[in-house]
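**Student:** quick one: sequence and predicted model below, then my questions.
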Amino acid sequence: MRAPALASLLLVVASGAAAGCGRVGYEALPDDDVDAADDTDAADAADGDAPPGVQAICGQAVMVQDFGLAQAATFYGIDVAGTNTGFLVAWSAGGDDVNATGIQVHPGPYLDVIQPQTLVEPNATSGTMSIAAIGNAAMLGIDDTAGPGIRLFALNERGLERSSQKYIDTDRAYGHAFVTADPTNSIFLVLGSNGSATNIYTRDYDIHPRTGPDAAFAVGTESAGATLIGGDYVFMTGNSSNCDVKKTDASFAAIGSSQPIAMTCHNASAVAAPGATNVVAGWNCDNQQVWVTAGDLSGALPAERSVAGGSPDTASNPRLAVTTEGVWYAYQLDGGRIGRTLLDATGNTAQGLGPSTVRTSSAIKAYDLAVHGDTAFLFWIEQATRTELWAMKLCVP
């Protein structure tokens, strides 16, 4: 039988080292399983053992990790990246700390926490963060309000540092999608803003500087992100005036004109629709609704439509993730609720999965949506007397 995973932890104390160098926080033993002769999913199936962790069942909320008694929080935040192993969760829910939690996904699927809590940045001044991964190599960006600047961390699938942190000292980070992975070219993209313009930076696999700043938009932003379509990029930014969507080639030369969406635009992000050349863009407006538009940027984007919200609900803070089933679109509703729907490449409801509330809890503090393999999961932090990480598998029944 399998012994409990992570039977012990080593506390790595970095003293006298330069800030951001070396591994910080708690480090797991190299082997997740004590019983090395029985540490594969195939061996579990053969001898009747269930994989470690908690089983994720479609549409059911499961607690993945209990982080202990709640601490007073300056800010809350969570951002999740899918890795080859499973998921890497960056989160903040106490003090000024930003932490990372590594999760392995076993068949079933079972969500197995292989690194409960790594302290990545103890002196963060903002909950604004964004994480992306190429295989098991991740890059985490954290906005630094005191800088002002953007802190960048190269992490592995457990959340441990792969190389020393880097810093962008000319711009600040905005939104939840300012870090993007480009696995085709083995680079990460970072979007930042100096208040009057929005810029693009690239970093290599180990987050060393490659290019930038290059101009993305001649306006400031409160949320900015990128997505890949073929060999090109699509950038999206939003502010109190409007959204802007723009397509460029790999050298960031514009393809066509930037397309404005004339409404207040918060929490903007865009994804490439599955099996198509279309981009699907989401945001929320000041009118208590979340919105979408979708199309091929070789022409004008079609008129936007409301996905959810309005009287009597207030919908905001959308997230998008892509599987072969379609584009999962999640959002928050008042009263501590998380909603979701499934869209097709044109932004319309897919496979009959219209807007639906899937979690209600007054303890929800922050949430995100991510994909491992071809399966989408919601993740969120709940904090009442304790701080807990929860998840939900999304699927078409």
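**Tutor:** Received it, and whenever you're ready, just let me know what you need. As the structure is a computational prediction, the values presented were derived from the model and not from experiment.

**Student:** who does the stretch of helix or strand residue 282 belongs to pair with, and is each partner parallel or antiparallel?
**Tutor:** Here residue 282, judged by DSSP states H and E, is contained in strand 279-284. Using DSSP bridges, strand 279-284 pairs in its sheet with strand 266-272 (antiparallel), strand 289-295 (antiparallel).

**Student:** pLDDT of the last one, averaged?
**Tutor:** Averaging pLDDT along strand 289-295 yields 97.

**Student:** so which residues make contact with that strand?
**Tutor:** 261, 263, 273, 278-285, 301-310, 315-318, 329, 331, 343, 345-347 (Cβ atoms under 8 Å, 6 or more residues apart in numbering). From N, CA and C alone the C-beta is placed, and that goes for glycine too.

**Student:** mind checking which of those residues are buried?
**Tutor:** Neighbour counting by 16 or more other Cβ atoms under 10 Å classes 261, 263, 273, 278-285, 301, 304, 306-309, 315-318, 329, 331, 343, 345, 347 among the contacts of strand 289-295 as buried.

**Student:** show residues contacting stretch 52-63.
**Tutor:** 2, 4-5, 32-33, 64, 103-104, 106, 108-113, 358-359, 377, 388-395, 397.

**Student:** at 6 Å what do you get?
**Tutor:** Contacts to stretch 52-63, defined as Cβ atoms under 6 Å, 6 or more residues apart in numbering, come from residues 5, 108-112, 359, 388, 390-393, 395.

**Student:** for residue 200, which three-state class applies?
**Tutor:** Assigned state for residue 200: strand (three-state reduction, DSSP: H, G, I helix; E, B strand; the rest coil).

**Student:** and it, how far is that from residue 182?
**Tutor:** 11 Å (Cβ to Cβ, to the nearest Å).

**Student:** compare these two and say which is more crowded by neighbours.
**Tutor:** residue 200 (22 against 18; other Cβ atoms under 10 Å).

**Student:** bridge partners for that one, pull those for me.
**Tutor:** Applying DSSP bridges, one finds that residue 200 bridges with residue 191, residue 214.

**Student:** my read: it touches residue 214, true?
**Tutor:** Yes: counting by Cβ atoms under 6 Å, residue 200 touches residue 214, with 4.7 Å between them.

**Student:** overlap of the contact sets of those two?
**Tutor:** residue 252.

**Student:** those strands in the stretch 51-200 of the chain, which residues are they?
**Tutor:** 54-55, 61-69, 77-82, 86-92, 98-106, 110-121, 129-134, 137-144, 149-155, 161-168, 179-182, 187-193, 198-204 (DSSP state E, counting those that start in this stretch).

**Student:** of those, which is nearest residue 369?
**Tutor:** Among the strands of the stretch 51-200 of the chain, strand 77-82 comes nearest to residue 369, with 7.6 Å by Cβ to Cβ.

**Student:** output the contacting helices and strands for that closest one.
**Tutor:** strand 86-92, strand 129-134, strand 364-372 (3 or more Cβ pairs under 6 Å, 6 or more residues apart in numbering; DSSP states H and E).

**Student:** and it, C-alpha only, in PDB?
**Tutor:** Extracted in PDB, the C-alpha atoms of strand 77-82 (Å, rounded to 0.1, in the frame of the first residue of the first chain):
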ATOM      1  CA  GLY A  77      -4.900  36.800  -5.200                       C
ATOM      2  CA  ILE A  78      -4.600  33.500  -7.100                       C
ATOM      3  CA  ASP A  79      -3.300  32.600 -10.500                       C
ATOM      4  CA  VAL A  80      -2.900  29.000 -11.900                       C
ATOM      5  CA  ALA A  81      -0.800  27.500 -14.700                       C
ATOM      6  CA  GLY A  82      -1.200  24.100 -16.200                       C
END
